[in-house]
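Asks: only the shape, not the letters, is given here:
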């Protein structure tokens, strides 16, 4: 997804600037008599898992299958990670929990918004010396509705540790939680990296920012690193730090705010702590890592997104608030960004494959350390962690597996081995978890969806234009995103996000023209016509099935859903331009980006997996059934362990 979709950092203006360092937590309670341990491997695909289990390459998954249970697990519709993990947490379909995509149609507008969390600004402000001082913190809320099963467990007296599960920002009030997908960086985006370059760089239009700076006569590159917006002065420039880069014998010296950090060529730095001053109002702490891609005389420096420092976080990333700091004191620093694997940097060519995979190794190791800490402390009856690395690696390197992908022939040996490597790593993690379990513990392992190749991009809004459903303003540039060129007075339907099509309804959209009577017939017409969509290059079907929201979703939050959900055939997916409301000239084109695998297609084509260490009752058919299965498993284990 486009990581620059912004989410304001609630509390940055007031309460959350009082960062909390390590503080003694409550005295540990009694050791859990029995535990239910739930491990998610985001994107683990059943076909690949079964093939590599058969070949003996996943011995721990094979052993769990033989000793317990294995099955395919139906995913959500659409099969997108925030949608599926919200169903996992709550047991609800998207109409019940209200998460339908990474992106959402902002109410009463055509704006595109991030779907996971929202902030209401402070309701009271005090004008003072040109600043606006908030008198309350505003409200930051998770848009996911429903009650996650770990809260039910806590209410029944069972302690829960929940680590890096998507759609958990801000964190739920449980015994221990580290938030996952949804946590922004300090800029309020889902991950904006920085590239310091001495020459123009291609591909700077999305996901990052390129700082162009010359090498001065004294051999030093001078620039600045912008941080968060000033929380008390909307007219002020962003908070900023001076930055310099100078040559050294084995790389370079990075200086940030008068602190020098040695960098070695082709190696990630350790965590670098930064602090953005607001003068009398204090400062905003954060941290980053740097990677020196090329050295002098033409240096190229990659800087990770600015992240909350877990030791004194400016964002609400854990429950209780001091848990992140205490955890960091035990296991070391860790990424706090909700989606820390910077896929767009690899997609844009701003980070090479080896550096990106090294970063994945780091996030995987951090997740392992969190999980092993929770298991070794034995202070929770319910332990849950999601490892997203299989999903991220599959997105970026499916081209190495698929001989039919346009980029396969040009794929490196590293690209061709990346997905087998992350599956082997997942198997290793599973083995380490099994070693830490006691006989009375129960283990559940799942993925939220599978995977398929992403060979061809479908510009669905182009089809809607060509068939008269979406109308452009005369002379406007239709390739501009955010529906900038759309004539809403004549538009009946538009595509937004990765699977959705919306009717331009009267009373819902600000310039809606389709009344309720006509909307039903229009939906049915689009279901029929989109279901017949063919690739002009080879006449292959591009859509397997189109679903009407009224047919598949409960109605609690259906008003916020797309009207139609397009289930693409494997090999096809909505283009990035479609997701953001742009309309390129062609209907379909080859996908020539590193992001070469995907799952935002028909849900029947990408089921997930479910492994258990016990024989379940067979009622868990889909990911929304997992909460009930976990509760039953835990109750059974607790009963067996109780004298």
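Replies: Here it is on my side, so go on. Remember, predicted model here, so these are calculated numbers, not experimental data.
Asks: so where's the stretch 101-250 of the chain shaky on pLDDT?
Replies: 122-137, 204-206 (pLDDT under 70).
Asks: switch to 90 and redo it
Replies: Residues of the stretch 101-250 of the chain meeting the criterion pLDDT under 90: 107-108, 118-139, 201-207, 229-236.
Asks: now do the strands in it.
Replies: Under the criterion DSSP state E, counting those that start in this stretch, the stretch 101-250 of the chain contains strands at 103-105, 112-114, 117-120, 125-128, 131-134, 139-142, 160-163, 176-178, 193-197, 208-212, 220-226, 240-248.
Asks: so which of the ones you listed comes closest to residue 334?
Replies: Closest of the strands of the stretch 101-250 of the chain to residue 334 is strand 176-178, at 8.3 Å (criterion: Cβ to Cβ). Any C-beta I mention is one placed from the backbone N, CA and C, and that applies to glycine too.
Asks: which other residues reach that closest one?
Replies: When contacts are defined by Cβ atoms under 8 Å, 6 or more residues apart in numbering, strand 176-178 is touched by residues 159-164, 168, 171, 317-320, 323-324, 327, 370, 374, 379-380.
Asks: and the nearest residue to residue 357 once chain neighbours are set aside, backbone torsions?
Replies: Leaving aside its sequence neighbours, residue 357 sits nearest to residue 418 (Cβ to Cβ, 6 or more residues apart in numbering; 6.4 Å). For residue 418, the backbone dihedrals (degrees, to the nearest 10) come out as phi -70, psi -40.
Asks: right, and residue 418 touches residue 395 too?
Replies: No - judged on Cβ atoms under 8 Å, residue 418 makes no contact with residue 395 at a distance of 10.6 Å.
Asks: who has more neighbours, those two?
Replies: Neighbours around residue 418 and residue 395, counted as other Cβ atoms under 10 Å, are more numerous at residue 418. The numbers are 24 against 21.
Asks: quick check: the more buried one vs residue 617, distance?
Replies: 38 Å (Cβ to Cβ, to the nearest Å).
Asks: for the nearest residue to residue 350 once chain neighbours are set aside, give me its contacts.
Replies: Spatially, and ignoring its direct neighbours in sequence, residue 350 is nearest to residue 195 (5.1 Å; Cβ to Cβ, 6+ apart). Taking Cβ under 8 Å, 6+ apart as the contact definition, residue 195 lies against 201, 204, 208, 209, 210, 211, 300, 301, 302, 303, 350.
Asks: identify, from those, the entry nearest to residue 497.
Replies: Closest approach to residue 497 among the contacts of residue 195 (Cβ to Cβ): residue 208, at 22.1 Å.
Asks: what's around the closest one, how many residues?
Replies: Per other Cβ under 10 Å, the neighbour tally for residue 208 reads 24.
Asks: so it touches residue 189, yeah?
Replies: No - with contact defined as Cβ under 8 Å, residue 208 and residue 189 do not form a contacting pair (10.2 Å).
Asks: other SSEs contacting the helix or strand hosting residue 84?
Replies: Residue 84 is located in helix 81-90, with elements delineated by DSSP states H and E. Under the contact criterion of 3 or more Cβ pairs under 8 Å, 6 or more residues apart in numbering; DSSP states H and E, helix 81-90 touches helix 94-97, helix 149-155, helix 626-641.
Asks: just those: most buried one?
Replies: Mean neighbours per residue, mean count of other Cβ atoms under 10 Å, is largest over the helices and strands packed on helix 81-90 for helix 94-97, with a mean of 25.
Asks: could you give the mean pLDDT of that one?
Replies: Taken as a whole, helix 94-97 has a mean pLDDT of 98.
Asks: residues in contact with it?
Replies: Residues outside helix 94-97 that contact it (Cβ under 8 Å, 6+ apart) are 76-77, 83, 86-87, 89-90, 100, 144-146, 549, 552-558, 561.
Asks: excluding its backbone neighbours, what's nearest residue 36?
Replies: Using Cβ to Cβ, 6+ apart and skipping the chain neighbours, the partner closest in space to residue 36 is residue 634 (4.1 Å).
Asks: run the chain-centre distance for stretch 220-240.
Replies: Relative to the chain's own centre, stretch 220-240 is displaced by 26 Å; criterion: Cα atoms, centre = their mean, to the nearest Å.
Asks: about what we covered before: so which of the strands of the stretch 101-250 of the chain gets nearest residue 537?
Replies: So among these, strand 103-105 is nearest, using Cβ to Cβ, at 28.0 Å.
Asks: could I get the buried residue list for that closest one?
Replies: Neighbour counts over strand 103-105 (16 or more other Cβ atoms under 10 Å) mark 103, 104, 105 as buried.
Asks: now stretch 589-602
Replies: Going by neighbour count (16+ other Cβ under 10 Å), the buried part of stretch 589-602 is 591, 593, 594, 595, 596, 597, 598, 599, 600, 601, 602.
Asks: residue 30 belongs to a helix, doesn't it?
Replies: No - the assignment for residue 30, made by DSSP: H, G, I helix; E, B strand; the rest coil, is coil rather than a helix.
Asks: format the strands of the stretch 101-250 of the chain as a markdown table; extra columns: distance to residue 384.
Replies: Below are those laid out as a markdown table (distance: least, Cβ to Cβ, whole Å):
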| stretch | distance to residue 384 |
| --- | --- |
| strand 103-105 | 26 |
| strand 112-114 | 24 |
| strand 117-120 | 20 |
| strand 125-128 | 39 |
| strand 131-134 | 34 |
| strand 139-142 | 16 |
| strand 160-163 | 5 |
| strand 176-178 | 9 |
| strand 193-197 | 29 |
| strand 208-212 | 32 |
| strand 220-226 | 36 |
| strand 240-248 | 37 |
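Asks: pretty sure residue 351 is touching residue 303, no?
Replies: No - with contact defined as Cβ under 8 Å, residue 351 does not reach residue 303; the gap is 10.7 Å.
Asks: any common contacting residues for those two?
Replies: By Cβ under 8 Å, 6+ apart, the residues touching both residue 351 and residue 303 are 193, 291.
Asks: list just the nearest of the buried residues of strand 103-105 to residue 586.
Replies: Lowest distance from residue 586 to the buried residues of strand 103-105 (Cβ to Cβ) belongs to residue 103, with 22.6 Å.
Asks: which residues touch residue 453?
Replies: 398, 401, 402, 404, 405, 570, 571, 596, 597, 598.
Asks: need the max-distance pair from those.
Replies: Across the contacts of residue 453, the longest distance by Cβ to Cβ is 14.5 Å; it joins 404 and 598.
Asks: how far does stretch 458-478 stretch from start to finish?
Replies: The first and last residues of stretch 458-478 sit 15 Å apart, counting by Cα to Cα, to the nearest Å.
Asks: which of the residues in it are buried?
Replies: Per 16+ other Cβ under 10 Å, stretch 458-478 contains these buried residues: 458-465, 469-472, 478.
Asks: narrow those residues to those in helices?
Replies: Using DSSP state H, the members of the buried residues of stretch 458-478 that fall within helices are 460, 461, 462, 463, 464, 465.
Asks: want to throw those into JSON lines with distance to residue 431?
Replies: Formatted as JSON lines, these follow (distance: Cβ to Cβ, whole Å):
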{"residue": "460", "distance to residue 431": "43"}
{"residue": "461", "distance to residue 431": "47"}
{"residue": "462", "distance to residue 431": "48"}
{"residue": "463", "distance to residue 431": "48"}
{"residue": "464", "distance to residue 431": "49"}
{"residue": "465", "distance to residue 431": "53"}
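Asks: out of these, which comes closest to residue 577?
Replies: Of all these, residue 577 sits closest to residue 461, with 7.6 Å by Cβ to Cβ.
Asks: ok now do the closest one, which residues does it touch?
Replies: Contact analysis of residue 461 by Cβ under 8 Å, 6+ apart lists 470, 494, 495, 577, 578, 581, 582, 583.
Asks: hmm, back to that, quick one: buried ones out of the contacts of helix 94-97?
Replies: 76-77, 83, 86-87, 89-90, 100, 144-146, 549, 553, 556-558, 561.
Asks: with that, I have no additional questions.
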